[in-house]
Structure formats: C-alpha cells, structure tokens
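K.L.:
this one's sequence-less:
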Ligand SMILES: NS(=O)(=O)c1c(F)c(F)c(SCCc2ccc(C(=O)O)cc2)c(F)c1NC1CCCCCCC1
Ligand SMILES: [Zn+2]
C-alpha cells in the first residue's frame, strides 16, 4: 500500500482529526537548516551494543503495507549518546519512487533518496507500547541512504528477501551486523525532540539523524516496480525547537 499524501489519512482526512498529536508542536520529520543548528559539545558519540547478531538468530522481516519492517531483538541497545538506556524494537525504511527521493528528514531542504529508522524504547518502561506514550520513551536513529558505486552487502541481507513479501507478508532472515546498515561515523549527528512520523504521531521521540550517509548501489535503492513507494511524511514546523549538532 502506498502512503497517503503527507499529513493525510487514508480517507483523505487530515491525520490530526483522528490523532490529535499529529497536529502538535513537536512533530517529525523536519528540515534541518544547518545554519541554525546549535553545536553542543556535550553530545557524545552514539555507541551501539549487541548490534552484531549471529546468523543463528532469525529476524522477522515484514511488509506492513506502509514500509518494510525488520523486527529486532532487545539484545541491540544504544549504549552511548543518550542519557538513558534504550533497546531496539525494529528498523524500517522510507523511500521515494523513480520520480523522486523519499527521505523523511531533509537537510538544507535537500531530500535524500531514502532514510533508515532504527527505533528503540527507554528500558525504564516495560515495553515499547508503554514507552511510546512517554516523552522520554523512544529514541530513533536515522540515516540517509545515497546511491554509490558499490552494492551494500548489509542492505543486501534485507533487500534480497523483499520479493518474498511483495504483498503484506513476512519472512525470516538470518542475523547479521545491523550496525552495517548505519554510517561508519556515529560521532557526527543532529539531535532534536520530535515524534513518530505516522499516526498516532506521539511526541515521544528523541531523534538522532546522522550527518554521514550510507551508500547503496542504484539497483538497491529501488526500481520502479517496488510495491511500496513514497512512504514519507512531509516536513513539519519547528515551533521554536532547536536542532543540536554534535559537531561544528
Ligand atoms: N517513522 S516511524 O518510526 O514513526 C514509523 C513510520 F513512519 C511508519 F510508517 C511505520 S509503518 C505504519 C504504521 C504501522 C502500520 C502497521 C504496523 C503493523 O502491522 O505492525 C505497525 C505500524 C512504522 F512502523 C514506524 N515506526 C513504528 C511506529 C509505530 C509503533 C511504535 C513503535 C514502532 C515504530
Ligand atoms: Zn520511520
């Protein structure tokens, strides 16, 4: 299923008529205007723990009608860069179509071909359903995907199974080093308080958007017959929020 026009639900009605938070003042995604980011030296490098999974671990890959979701074991955790501990829930992708790019965040109004989101929840709550309604409940690591000369073997571990879940299906893929889906340099990032970019748009996400991009081959970024296209929400107003940067 294709996503509906940004900010609109499947019935053509704006999301916030059914989900009030979708009309809130701390919504995501946003355009990151690099001239207005605030350098914050206290932002430490993001550290990942437990991301390198054995191929004995089987991970569920499913097409939920909006995106492709890889469910992640709670073994994966953010071990640095956030004040509290967060454990992984799932990762998913946002992409465009042959007619245009599909990242959710933009940088200086530049939209990238695609964007990966690795969703984590704060372990002071019992599970992500409980966590996602609390302001410090979720942490999402976002990275932009760009077209490069070489195939990305880590993304290939997911993309090679997509044809099996064309409809709304699921398949199990062997574990691999999930960190390979993110940029090599986790020190350079933007951070701000925002929301889920899909209903119910809970304003409970501390977003980290990496400055370095991930390279995939042209074939990997998507061809015109991929079933899911343009599943990104339009950028939202900052309403006075500041975007922090871990670098100058
Ligand atoms: N960018 S994002 O993180 O807001 C996001 C999106 F933009 C998304 F578009 C999605 S997929 C659309 C929502 C959805 C639909 C079906 C199912 C299911 O059948 O399991 C689940 C979710 C999507 F799954 C997510 N991430 C989910 C948000 C819903 C639940 C909270 C925790 C998991 C992260
Ligand atoms: Zn997302």
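P.N.:
Yep, that arrived. Predicted model, so just to flag it, every value in this text is computed and none were measured. Ligands and ions are numbered 1, 2, ... in the order given.
K.L.:
count of neighbours near residue 52?
P.N.:
14 (other Cβ atoms under 10 Å). C-beta here means a position set from N, CA and C on the backbone, and glycine is covered the same way.
K.L.:
is it in a bridge, and if so with what?
P.N.:
Residue 52 has these beta-bridge partners by DSSP bridges: residue 177.
K.L.:
what of the one 10 residues further on?
P.N.:
As for beta bridges, residue 62 partners with residue 69, residue 170 under DSSP bridges.
K.L.:
can you tell me which residues in the chain are near ligand 1?
P.N.:
64, 66-67, 69, 89-90, 92, 117, 119, 128, 132, 140, 196-198 (Cβ under 6 Å from any ligand atom).
K.L.:
among these, which lie within strands?
P.N.:
69, 89-90, 92, 117, 119, 140 (DSSP state E).
K.L.:
out of the residues you listed, the closest to residue 104 would be?
P.N.:
residue 117 (7.9 Å; Cβ to Cβ).
K.L.:
isn't the closest one up against residue 141?
P.N.:
Yes. In this structure, residue 117 is within contact of residue 141 by Cβ atoms under 8 Å, at 7.3 Å.
K.L.:
center of the protein - which residue?
P.N.:
residue 117 (1.6 Å; Cα atoms, centre = their mean).
K.L.:
and that residue, bridged to which residues?
P.N.:
Here residue 117, judged by DSSP bridges, has bridge partners residue 92, residue 142.
K.L.:
in the protein, where's the longest helix?
P.N.:
Counting residues, the longest helix in the chain under DSSP state H turns out to be helix 153-159.
K.L.:
quick revisit: most neighbours among the residues of the chain next to ligand 1, which one?
P.N.:
residue 197 (26 neighbours).
K.L.:
OK, contacts around that one?
P.N.:
By Cβ atoms under 8 Å, 6 or more residues apart in numbering, residue 197 lies in contact with 28-29, 94, 104, 232-233.
K.L.:
now, which of those residues sits nearest residue 158?
P.N.:
Closest to residue 158, out of all of the contacts of residue 197 and judged by Cβ to Cβ, is residue 94, at 14.1 Å.
K.L.:
I'd like the next helix or strand past the one helix or strand that closest one maps to.
P.N.:
Using DSSP states H and E, residue 94 maps to strand 86-95. Where DSSP H and E defines the elements, the next helix or strand beyond strand 86-95 is strand 106-107.
K.L.:
what about the closest residue to residue 34 other than its chain neighbours, how many residues close to it?
P.N.:
Closest residue to residue 34 apart from its sequence neighbours, by Cβ to Cβ, 6 or more residues apart in numbering: residue 108 at 5.6 Å. Neighbour count of residue 108, defined by other Cβ under 10 Å: 9.
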